[in-house]
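>>> Give me coordinates for this.
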Amino acid sequence: MAISDIEFQKEKKILKKVQKLLGDTLSSLGEDVFQEEEDLVEFKKMMWEDSSSFDEGEMQQVMAATALEADKVLQKQRYFKKLRSIQHKPYFASIVFKDDEGSIFNIYMSLTYLKDDQLNNILYDWRSPICSLFYDYETGPCSYTAPGGMVSGELKRKRQYKIENDQLVGVFDNSLNINDEVLQEVLAEESSEKMKNVVNTIQQEQNKVIRNLEDNNLIVQGIAGSGKTTVALHRIAFLLYRLQNLSSNNILIFSPNHIFTEYISDVLPSLGEANTLQTTFADYLESQIKEYKGVESFPDFVSRYYSYMESFPELVEYKQSDGIIDDLDAFIDDYVERACFTSGFQEGEKIFIEKEEINTMLKDRYSRLPLFERVDEMAEKLCSNHYKGSRKKIATYLKLLYEHANFKKDYKEILKEFFLSEYCRIPLDESFVKKFMNVDILHYEDALLLVYLKGRLEGFYYESTIQQVVIDEAQDYSRLQYIILTNIFQKAEFTILGDVNQNINPYYHYDSLESLSDLFKGDTKYLELLKTYRSSPEIIDYTNKILGLHHVNAIRKDNHKPVVIKKDFGDLATSLVHDIKVLQSQYKSTAVITKDYKEAEKIYELIKDQVDISLVDADTKSFHKELIIIPAYVSKGLEFDSVIIYNDRNNSYKNNERNLLYVACTRCQHELYIYN
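I've put the predicted structure just below:
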C-alpha cells in the first residue's frame, strides 16, 4: 500500500540525512584505513630492521601485536567495502517496534550497519535479531530473541523502499501478505545472468531456515522454485554474522555442477561476505583418489542412463543401493579378520621380528584402528623399540611388514576382490570386473565405493577446518555419500537442501529426505518450503501434472500465457528459430532444454548459423544466459525467462524419467514451449 505524500516527503528527508552520514563516514573511514595501512607497513619495516635486537619471547610478542593490528586494518577495509556497496541504496525496509516497556524503535534495515557520532544505530544489518520481526510477523503482537533473552512487544509498521540512483522512487507499507507490491515486482523481473540476493523479499518460511541457530543440522525439502539455494546462501551470510570464529574458509558448499557454482558466485559478495569454498562431489572424490587419473562427473554419470549408454544398469543400481553398504561392510570385516602375517622377518644383522609378536600387535594391541593404520603404527613402534626412538627406519619396517603379510595396500585389487566374492549380490566374472576397474577415469558409482573402502581400511580423511557443510540438490546423493561426508567432516554442521520430486539420479530415490536425520550428530531439524516463486501458475499447473502433484503453491501472479504444446511443427529448424526469436523479443533469457547432451549437440548444429546460441555442458564454467541449449540434467538450479523443451520422437521421456522432464520444465519463469 502506497503511503501519503506527507509521509513520502518525510522519508525523502530521512534518506538525505542517511546519505550525508554515509558519505561522511566513508570519507573518514577511508582516511583512517589509508593511514593505518601506511603505519602498519612502516611498523613491519622497522620490526624487520631491528629484529636482531629482540630475543625470542619479545619477537613473538611483537609478531602477535602486528597480527592483531593487521586484523583490525582488514576488518576496517571490509566494513569500508560494505558501506561503499550500499552507497546508492542505503536501506530497503524499515519497521516501527514498540516493546512491552513502551519504548519505540524505528529500525531501518540494510546490508550492513551504520552508526552516528554518538554510536547510535542509524542502519541495522538485516541479520541483527530485531530485524527478524520484519520477516516473521504481520503488524501486531510480536517477539524476537535478543542476546539478553526474549523481547516482546508490538510491530506497529512494516515499510519497504525502492531507491534508484540515490533517489527515493517508491515507499510501500505492507503486511506479511505474500502478494505485496515489492515481492510481485521482484518476481516480475526478468532473470539475471547470476543469482541475486533477496534480503528485501525473504518470506517467513524461508526465514525459519536462514536464522535457525537452535539445531546443529537442517534438512530442507523445498519444491521447485521455492528458493532453496537462495535460502542456503543467505543462511551462510547469517551464520557468518552470528557465529564467532566462523569465516568463509570454514564453510564448504557442494554444488551439482560447475555451471551452478558460477551461477551463485555473486550472492555472498552482494551480501558483503566473501565466497565460501565450493566443490562438486565428483571433484571431492577425485581429491581422495590417487589410483586413477580422474573421476566421472555426476552429470556424465546420469547421462549414461538417459542416453541409454549403460549396458548393465542393474549393476549400477546395486552399486548405488543401500544394500551394497552392508555387503561391503561384511566383506571388509571378513578381509580384516583374515589379515595376518605369515612369517617373521630379519631386519639388519641382529634384529629378528617374530611372527607371533607382529600378529599380536595386529590383532590385539592395535585392533581399535583401521587395518592399514595398524600397520603404520606397528612400523613406528618397531622402529622406536629397536632404534631408540629414531624414525629413520619406518619405511623399511613398512616394506618388510607388507612383504610378510597376506594382504596388500592396493585398494583397486581389494575392490576387485569384493566384486568377485560371495558378498557381491550380482555374480561377475573377472574379465568383466577388470573392464570397469582398469580404466583411466573411474566411474562415479565406483569412486564412491573406493573412497568408502579406503575410509574403512585406513580411516577417513579428516577435514578439521570445515565447520559448516551445505549440500544442494541433496536428493541426488545416495545414503553412502552422506556416510562418507559425515565421516570426513566429523565436527561440521550440515545444511541439506533438496526436493525428492527433482531427483535425477535414476538409481536412487528418497520418499522423504527426513530419512537422513539419523546420519548426523546433534540435533537435526526437518523443514519444508512449500511455496514456489519462480514459475507462473500456468507453468506450475502443467508441471504438477507431470508428477501428479497437488500441493505446489504458486505465488507469481497469472501472466495468462498458457504452456504451448507443439507436436506438428513442420521443419524443425524453421520452427525452433521462429519461436526462439519470438521469445527473445519479449524476454532477456531463453533456454532450449534437451533430454541429453547428444540431442543438445544435434539442435545446436541445426540452428547455430541462424541464431547466436551457446551450447552448455557439465564442464562449462561460465556462459551468458541470453540464449543457450543445455541438457536437462545440467540445468538443475538454473532459471530462465522462457524455455523450449525439446526431445526427439525416438528419444521420448519414459515413465521412469518423468522427474527429469519435471526438472526441465520448472526452470521456466514466464513462458514455456513443449516440442514433442
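>>> ok, how many other residues are close to Glu605?
The number of residues packed near Glu605 is 11, by other C-beta atoms under 10 Å. (Each C-beta comes from the backbone N, C-alpha and C, glycine too.)
>>> and it, what element?
Using DSSP states H and E, the element containing Glu605 is helix 597-607.
>>> Tell me who's in contact with the residue most central in space within the chain.
In the chain, the residue lying closest to the centroid (C-alpha atoms, centre = their mean) is Ile253, at 3.3 Å. Ile253 makes contacts with 232, 236, 261, 276-279, 470, 472, as judged by C-beta atoms under 8 Å, 6 or more residues apart in numbering.
>>> average pLDDT across the helix holding Glu605?
For helix 597-607, mean pLDDT is 95.
>>> what sits up against it?
With C-beta under 8 Å, 6+ apart as the criterion, helix 597-607 contacts 303, 307, 572-573, 576-577, 580, 592, 594, 613, 615-617, 629-631, 634, 646-648, 651.
>>> Could you do stretch 346-364 as well?
Stretch 346-364 is touched from outside by 339-345, 374-375, 378, 381-382, 386, 393, 396-397, 400-401, 404, with contacts defined as C-beta under 8 Å, 6+ apart.
>>> Going by neighbour count, which residues in that stretch are buried?
Residues 347, 353, 357-359, 361-362 are the ones in stretch 346-364 that count as buried (16 or more other C-beta atoms under 10 Å).
>>> how about Thr139, phi and psi?
The phi/psi pair for Thr139 (degrees, to the nearest 10) reads phi -60, psi 140.
>>> which residues does it contact?
For Thr139, the residues meeting the contact criterion (C-beta under 8 Å, 6+ apart) are 154-158, 175.
>>> Quick check: can you name the pairing partners of the longest strand along the chain and their directions?
Using DSSP state E, we find that the single longest strand of the chain is strand 149-164. Applying DSSP bridges to the sheet, strand 149-164 is found paired with strand 93-99 (antiparallel), strand 140-146 (antiparallel), strand 167-173 (antiparallel).
>>> returning to that earlier point: go through the buried residues of stretch 346-364 and name the one nearest Lys521.
Closest approach to Lys521 among these (C-beta to C-beta): Leu362, at 30.5 Å.
>>> Next one, pLDDT for the closest one please.
97.
>>> Quickly note the distance from it to Asp329.
Applying C-beta to C-beta, to the nearest Å, the value for Leu362 to Asp329 is 20 Å.
>>> got it, and Asp410?
20 Å.
>>> In the stretch 1-150 of the chain, where is pLDDT below threshold?
Scanning the stretch 1-150 of the chain for pLDDT under 70 picks out 1, 34-71.
>>> now the helices for it?
5-49, 56-85, 132-136 (DSSP state H, counting those that start in this stretch).
>>> do the stretch 151-300 of the chain as well
All helices of the stretch 151-300 of the chain, identified by DSSP H, counting those that start in this stretch, fall at 181-188, 204-210, 228-242, 258-263, 267-270, 281-288, 298-306.
>>> What is the third one packed up against?
The elements that helix 228-242 packs onto, with contact taken as 3 or more C-beta pairs under 8 Å, 6 or more residues apart in numbering; DSSP states H and E, are helix 204-210, strand 217-222, strand 251-255, helix 267-270, strand 468-471, strand 493-498.
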